[in-house]
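Novice: What follows is a predicted protein model with its sequence.
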Amino acid sequence: MNSKKPGVPEVRTPDGAVAKFVDEHLTVTQPVQTPRLRPTPAKSITVAEGFDGRVDKLISEHYPDLGRKRLAELFAEGLVRINGKLGKKGDFVAPGDLVDLKVLPQSRSEETPVAEAAAFARISVLLTHADFVVVNKPAHMPSQPLRAGETGTVANALAFKFPECAGIGDDLRDGGLVHRLDIGTSGALLAARNESAYRTLREAFSSGQVHKEYLAVVRGRLGANDCAAPLTQRGDHVVADYAEGLSAYTEFTVEKTAGDYSLVRCVARSGRMHQIRAHLSLTGAPIIGDTRYSGTAHAGFEGFFLHAETLAFTHNGEAIRVVAPLPESHAALLTSLKLA
C-alpha cells in the first residue's frame, strides 16, 4: 500500500556515496549573531547634584543659545533620551540621571542661512519695501534650510540680496520669511526686513488678515465650492480628523474646465500644512501630479500644479497687493490643456 500523500513530493535519503561527500567536503556553520549596538550619542549629560527640574531646562542650561523652537523640535524628532528611554519636553530629571542627545543642537547663529548667489538667481523679486520683500518662488525649491550650511533655498537667496533678513524671526532658518510654501508649490513669499515688521506681519497671518489666492489644475469634478475639514498631520502628509484636527477652511472657484481638467482658484482662509492639496483631494478633484493626495502624474509636467498667485494685506495703513506670474512650465501646461 502506498502511504505517500497526494501532492507531497517524496523525500529520498542520500545514498552512502553522497553522504560521504557531504561529510568530507561541506561544513555546515551556524550564522553569527551580531549584537545590536546602541548608537553612540552625540552628547551625554549627567544631571549634577543640586539640579531638580525639567529636562528641557537642563538642555537650555548647556545650550543657552538654543532657540525655543529648535529645543521643542529635539523632543518632537525623538532626539532626546533619559536613562535610555525616549524623553519628553516636560519630563523631570534628578541628580545622577543620564540625558543623551542623538545630535548636537545647533546654536541660533549656526542656523542663520548662508548667502547664496545661485539661489537668488532662481527667484524673482516682486516687491521691495522698507519693511519687507515679496519674491516669486519656483517650484521644487525649498523655502528654508533644515540644517546648518544647507543651501539652495529661498532663505539663502534672501540672505544674499537682503542680508538683513537673515537674522530675523523666531526660527533663524527662515531668513525673515513670514510664511512658507511647500517645495513643490510656486508663487509669492513674503519676508520681513526688520524685527518689528516680522512681528506685525506674523500677527496679520495668524489673525487671518492676509488674503491668499492660489491657482491649481485638478482632474475630476469638484464635489463642493469649499472645504472645512479639520486637518491633522500624519508623518509627511495630513488627513481629515474631525475629532482632534486643527480647523482649516478653503474656498474654490472653477475658472475654466476642458475635458477632465479644471483650473481652480483657491482662497485659503487658514494656513495649515498641505491644506489646499488635501482639501481638493477630499472634494474628489486632486491636483494633477500630486500623487501624495490621490493625484496622478501628468506626462511632460514635473511635480504638481499649485501656484500661490496673490498676497494682499495692509501694512501700517498701506494696502498691499502682489500678484506672482505663473512659471513658464505652468503656463505651457494650461495652454496644452486648453485652460489658458
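Specialist: It's in. Residues are numbered from 1 along each chain as shown.
Novice: what are the ranges of the helices in this structure?
Specialist: Applying DSSP state H to the chain gives helices spanning 16-25, 55-62, 68-76, 108-111, 117-120, 154-161, 195-206, 275-282, 328-336.
Novice: okay if I get those as a markdown table plus mean neighbour count and distance to residue 314?
Specialist: Using the backbone N, CA and C atoms, a C-beta is placed for each residue, glycine as well. Converted to a markdown table, those look like this (neighbours: other CB atoms under 10 Å; distance: least, CB to CB, whole Å):
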| stretch | mean neighbour count | distance to residue 314 |
| --- | --- | --- |
| helix 16-25 | 10 | 87 |
| helix 55-62 | 17 | 37 |
| helix 68-76 | 15 | 27 |
| helix 108-111 | 16 | 31 |
| helix 117-120 | 16 | 28 |
| helix 154-161 | 26 | 23 |
| helix 195-206 | 16 | 8 |
| helix 275-282 | 24 | 23 |
| helix 328-336 | 15 | 29 |
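Novice: Indicate which one of those helices is closest to residue 316.
Specialist: For these, proximity to residue 316 was assessed by CB to CB; helix 195-206 is nearest, at 7.8 Å.
Novice: Please name the residues that touch residue 105.
Specialist: Residue 105 makes contact with 59, 63, 66, 70, 71, 74 under the criterion CB atoms under 8 Å, 6 or more residues apart in numbering.
Novice: ok, now how distant is it from residue 298?
Specialist: From residue 105 over to residue 298 the distance is 42 Å, taken as CB to CB, to the nearest Å.
Novice: likewise residue 91?
Specialist: In terms of CB to CB, residue 91 sits 48 Å off from residue 298.
Novice: what does residue 262 give?
Specialist: Applying CB to CB to residue 262 and residue 298 gives a distance of 14 Å.
Novice: I figured residue 53 hits residue 90, correct?
Specialist: No. Contact criterion CB atoms under 8 Å: residue 53 and residue 90 do not qualify, at 10.7 Å.
Novice: wait, what's in contact with the residue nearest to residue 301 when sequence neighbours are not counted?
Specialist: With sequence-adjacent residues excluded and distances taken as CB to CB, 6 or more residues apart in numbering, residue 301 is closest to residue 333, at 5.2 Å. Residue 333 sits next to 217, 298, 300, 301, 305 when contact means CB under 8 Å, 6+ apart.
Novice: Residue 333 and residue 161, how far apart?
Specialist: According to CB to CB, residue 333 stands 29 Å off from residue 161.
Novice: What of residue 316?
Specialist: 23 Å.
Novice: can you check residue 86 too?
Specialist: Distance from residue 86 to residue 161, by CB to CB: 42 Å.
Novice: do residue 47 as well
Specialist: For residue 47, the distance to residue 161 equals 46 Å [CB to CB].
Novice: Neighbour count: residue 91 and residue 298, which is higher?
Specialist: The residue with more neighbours, out of residue 91 and residue 298, is residue 298; 20 against 17, by other CB atoms under 10 Å.
Novice: doesn't residue 287 make contact with the more buried one?
Specialist: No. The pair residue 298 / residue 287 is not scored as a contact, 9.9 Å apart, by CB under 8 Å.
Novice: Need the overlap of contacts for the two.
Specialist: Common neighbours of residue 298 and residue 287 (CB under 8 Å, 6+ apart) are residue 305.
Novice: Around the nearest residue to residue 198 once chain neighbours are set aside, count how many other residues there are.
Specialist: Leaving aside its chain neighbours, residue 198 sits nearest to residue 192 (3.7 Å; criterion: CB to CB, 6+ apart). Per other CB under 10 Å, the neighbour tally for residue 192 reads 26.
Novice: Closest one to residue 112 out of the contacts of residue 333, please.
Specialist: residue 305 (33.3 Å).
Novice: Please name the bridge partners of the nearest residue to that closest one once chain neighbours are set aside.
Specialist: Spatial nearest neighbour of residue 305, excluding adjacent residues (CB to CB, 6+ apart): residue 217 at 4.1 Å. Beta-bridge partners of residue 217, counted by DSSP bridges, are residue 263.
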